[in-house]
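A.B. asks: Okay, sequence plus prediction incoming.
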Amino acid sequence: MTTVPVKTRFAPSPTGYLHLGNVRTALFNALLARRWGGRFLLRIEDTDRERSRPEYVAALLEDLRWLGLDWREGPQIGGPHEPYAQSARGAIYAQYYQQLADSERAYPCFCTPAELALSRKAQLTAGRPPRYAGVCARLSEAERQARLERDPRPTLRFRVPAGRMVEFTDLVRGPQRFASDDIGDFVIRRADGTPQFFFANAVDDALMRITHVLRGEDHLANTPRQLLVLEALALPAPRYGHLALIVGADGGPLSKRAGDLSVRELRAAGYLSEALLNYLARLGHAYERDVWMEPTELAAGFAPERLGRAPARYDEAQLLHWQSEAVQHATPERLWTWMEAAVRERVPASLRAEFIAAIRPNIRFPTDAAFWAERLFDVDSTPSADGRVVIATAGPEFFAQALAAYDRHGAAYQPLVDDLRQRTGVKGRNLFMPLRAALTGETHGPELARLLALLPREIVQRRLQACC
Ligand code: GLU
């Protein structure tokens, strides 16, 4: 027995930027392929000529690479099933239209949009679900020829077999059954010659030897149509799994404020790709352990049976949690690249490593790093309101002693505070807080010993002096 290697794909329509929702679909497919030692393919579904744009294709390739969701077959790298953009596959689809037309499994349809709208309205009024009424399905060959002369650009409609049950086992939702009588004959080629989604998507999955398709639940109703097309063409069907959609915290659709964010926006805001991966891999999918995972571990622990059926709720607090985790787990080099533009002008090259080590536990975004760079290295940085209160409470004598202790011990933190405690009799919080406020302007922040070691001598002296 030979087993077919697992092959999954991501098939975006380039009509906008990648958002959390479609990136999650890409991620699950990529994880499934990695988990089962298979191949992940990328196909561009750009049949909607009006809405597809080359700049969106370029953006989505860049976004996927940024996320580390590299495809083994597809645009830019090629593969055995080129081309990987549907707009360039017209000649391939033409053969299959022909095959369906020759076997009477598809027929030209001359109904105008106005006629179709009228029929739809009539069915709705009669309380029936709207379906194609079958007008052109019954044309004789002579009638067809006559119509073709008047209207040489009909659509091509798939003839849905009557009285059938279309059944399949969904990877997420289990057994599914659809009565073919509920599905009207549907268009597979539009009047402008472009393929309809159902058709191109199904045919390409078969030709590209896709074995598993994870996609949004909004496609569930398309699946019986696609299975019928594949059956009529004697092409193999992939296993489908329909993912519960992502909803906002209130259970409603995602909004701009809650989760409907593009990968570009998140990246510009300073999210690390590993944070998005750790978050999204858990959105509608449960791991055995809820701990930080490297991409290889995310793949190793991925299991389609752990995909949930209930809508997945977007939760910003969770996303922020994984962002913090990503910052704690990144290498210093990675963090430097990430924060460089925000801190480069302030942080001396010789102090980079120490700066990163000191502030890492206290930052989530490059703007946080910029904040501490300003607090530490800007001579004109002034204390916050809280800081000023603490400084005033401690009084000038305390800081005169602190300055003297600094002159004796320099950045040797422990000897400095021991000395200061002895000379002032102040201890605990009353000692550390004013010191922190004078040195950093803040009453919270990274470990003070590390900051003291980072602070340039003249800045320490100047700031202590200013409090005396
Ligand atoms: N182009 C379709 C979409 O973006 C693909 C659906 C599918 O994955 O089959 O929704």
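C.D. replies: Received the coordinates, thanks. On a predicted model such as this, the values are computed, not experimentally measured, just so you know. Residues are numbered from 1 along each chain as shown.

A.B. asks: what sits against the residue in the stretch 151-300 of the chain that the ligand sits nearest to?
C.D. replies: With CB to the nearest ligand atom as the measure, Arg215 is the residue of the stretch 151-300 of the chain nearest to the ligand, at 3.5 Å. (Glycine included, C-beta is placed from N, CA and C.) Counting by CB atoms under 8 Å, 6 or more residues apart in numbering, Arg215 makes contact with 11, 25, 240-243.

A.B. asks: Mind doing that once more with 10 Å?
C.D. replies: By CB atoms under 10 Å, 6 or more residues apart in numbering, the residues touching Arg215 are 9-11, 22, 25, 28-29, 201, 222-223, 240-243.

A.B. asks: so where is the stretch 251-400 of the chain shaky, pLDDT-wise?
C.D. replies: Within the stretch 251-400 of the chain, the ranges that satisfy pLDDT under 70 run 256-259.

A.B. asks: can you give me the helices for it?
C.D. replies: Using DSSP state H, counting those that start in this stretch, the helices found in the stretch 251-400 of the chain span residues 263-268, 273-280, 295-300, 316-329, 332-343, 352-359, 366-377, 385-394, 396-409.

A.B. asks: by contact count, what packs against the first one?
C.D. replies: Looking back up the chat, that one is helix 263-268. Contact partners of helix 263-268 among helices and strands, from 3 or more CB pairs under 10 Å, 6 or more residues apart in numbering; DSSP states H and E: helix 20-35, helix 54-67, helix 273-280.

A.B. asks: about what we covered before: could you dump the contacts of Arg215 into JSON lines and include neighbour count, secondary structure and pLDDT?
C.D. replies: JSON lines is the format used below for those (neighbours: other CB atoms under 10 Å; DSSP: H, G, I helix; E, B strand; the rest coil; pLDDT from 0 to 100):
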{"residue": "Arg9", "neighbour count": "28", "secondary structure": "strand", "pLDDT": "98"}
{"residue": "Phe10", "neighbour count": "27", "secondary structure": "strand", "pLDDT": "98"}
{"residue": "Ala11", "neighbour count": "25", "secondary structure": "coil", "pLDDT": "98"}
{"residue": "Asn22", "neighbour count": "22", "secondary structure": "helix", "pLDDT": "93"}
{"residue": "Thr25", "neighbour count": "21", "secondary structure": "helix", "pLDDT": "97"}
{"residue": "Phe28", "neighbour count": "25", "secondary structure": "helix", "pLDDT": "98"}
{"residue": "Asn29", "neighbour count": "28", "secondary structure": "helix", "pLDDT": "98"}
{"residue": "Asn201", "neighbour count": "25", "secondary structure": "helix", "pLDDT": "98"}
{"residue": "Asn222", "neighbour count": "17", "secondary structure": "helix", "pLDDT": "97"}
{"residue": "Thr223", "neighbour count": "21", "secondary structure": "helix", "pLDDT": "98"}
{"residue": "Tyr240", "neighbour count": "23", "secondary structure": "strand", "pLDDT": "98"}
{"residue": "Gly241", "neighbour count": "22", "secondary structure": "strand", "pLDDT": "98"}
{"residue": "His242", "neighbour count": "23", "secondary structure": "strand", "pLDDT": "98"}
{"residue": "Leu243", "neighbour count": "27", "secondary structure": "strand", "pLDDT": "97"}
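
A.B. asks: quick one: which of the residues you listed is nearest to Ala85?
C.D. replies: Comparing those against Ala85 with CB to CB places Ala11 closest, at 10.7 Å.

A.B. asks: Do I have it right that the closest one meets Leu60?
C.D. replies: No: contact criterion CB atoms under 10 Å: Ala11 and Leu60 do not qualify, at 11.2 Å.

A.B. asks: Can you check which of the helices and strands packed on helix 263-268 gets nearest to the ligand?
C.D. replies: That would be helix 20-35 among the helices and strands packed on helix 263-268, by CB to the nearest ligand atom, at 6.5 Å.

A.B. asks: re earlier: helix, strand or coil: sort out the residue of the stretch 151-300 of the chain closest to the ligand for me.
C.D. replies: For Arg215, the secondary structure call by DSSP: H, G, I helix; E, B strand; the rest coil comes out as strand.

A.B. asks: That one pairs with what?
C.D. replies: Beta-bridge partners for Arg215, by DSSP bridges, are His242.

A.B. asks: Could you report the pLDDT at it?
C.D. replies: Here, the pLDDT recorded for Arg215 equals 97.

A.B. asks: ditto for Met1
C.D. replies: Among the per-residue scores, Met1 holds a pLDDT of 50.

A.B. asks: is it true that Gly270 touches Leu335?
C.D. replies: No: Gly270 lies out of contact with Leu335 (CB under 10 Å); the separation is 11.1 Å.

A.B. asks: Who has more neighbours out of these two?
C.D. replies: Shown here are Gly270 and Leu335; by other CB atoms under 10 Å, Leu335 has more neighbours (23 against 19).

A.B. asks: which residues does the more buried one contact?
C.D. replies: Here Leu335 is in contact with 272, 326-328, 352, 355-357, 359-360, 363, 366, 369 (CB under 10 Å, 6+ apart).

A.B. asks: Turn those residues into TSV, including distance to the ligand and neighbour count.
C.D. replies: Shown next, in TSV, are those (distance: CB to the nearest ligand atom, whole Å; neighbours: other CB atoms under 10 Å):
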residue	distance to the ligand	neighbour count
Leu272	26	22
Ala326	27	23
Val327	32	25
Gln328	34	13
Arg352	42	18
Phe355	43	27
Ile356	40	21
Ala357	43	15
Ile359	41	27
Arg360	38	15
Ile363	36	21
Pro366	32	18
Ala369	36	27
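
A.B. asks: Out of the helices of the stretch 251-400 of the chain, which one sits most buried?
C.D. replies: Mean neighbours per residue, mean count of other CB atoms under 10 Å, is largest over these for helix 273-280, with a mean of 24.

A.B. asks: on that earlier part again, report the entries of the contacts of Arg215 that also contact the ligand.
C.D. replies: 11, 201 (CB under 6 Å from any ligand atom).

A.B. asks: As TSV, the helices and strands packed on helix 263-268 with distance to Glu45 would be great.
C.D. replies: Formatted as TSV, the helices and strands packed on helix 263-268 follow (distance: least, CB to CB, whole Å):
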stretch	distance to Glu45
helix 20-35	11
helix 54-67	11
helix 273-280	21
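
A.B. asks: Quickly list what the nearest residue to Arg9 once chain neighbours are set aside is bridged to.
C.D. replies: Spatial nearest neighbour of Arg9, excluding adjacent residues (CB to CB, 6 or more residues apart in numbering): Leu41 at 4.1 Å. According to DSSP bridges, the residues that bridge with Leu41 are Arg9, Glu73.

A.B. asks: Could you tell me how far Leu41 is located from Gln86?
C.D. replies: Applying CB to CB, to the nearest Å, the value for Leu41 to Gln86 is 13 Å.

A.B. asks: just Gln461 next, same as before
C.D. replies: For Gln461, the distance to Gln86 - CB to CB - is 68 Å.

A.B. asks: Okay, buried residues for stretch 305-318 please.
C.D. replies: Within stretch 305-318, the residues scored as buried using 16 or more other CB atoms under 10 Å are 307, 312-314.

A.B. asks: Report the contact partners of the residue in the stretch 351-468 of the chain positioned nearest to the ligand.
C.D. replies: Proximity to the ligand, evaluated over the stretch 351-468 of the chain using CB to the nearest ligand atom, is greatest for Phe365 at 30.3 Å. Neighbouring residues of Phe365 by CB under 10 Å, 6+ apart: 269-272, 320, 323-324, 327, 338-339, 342, 371.
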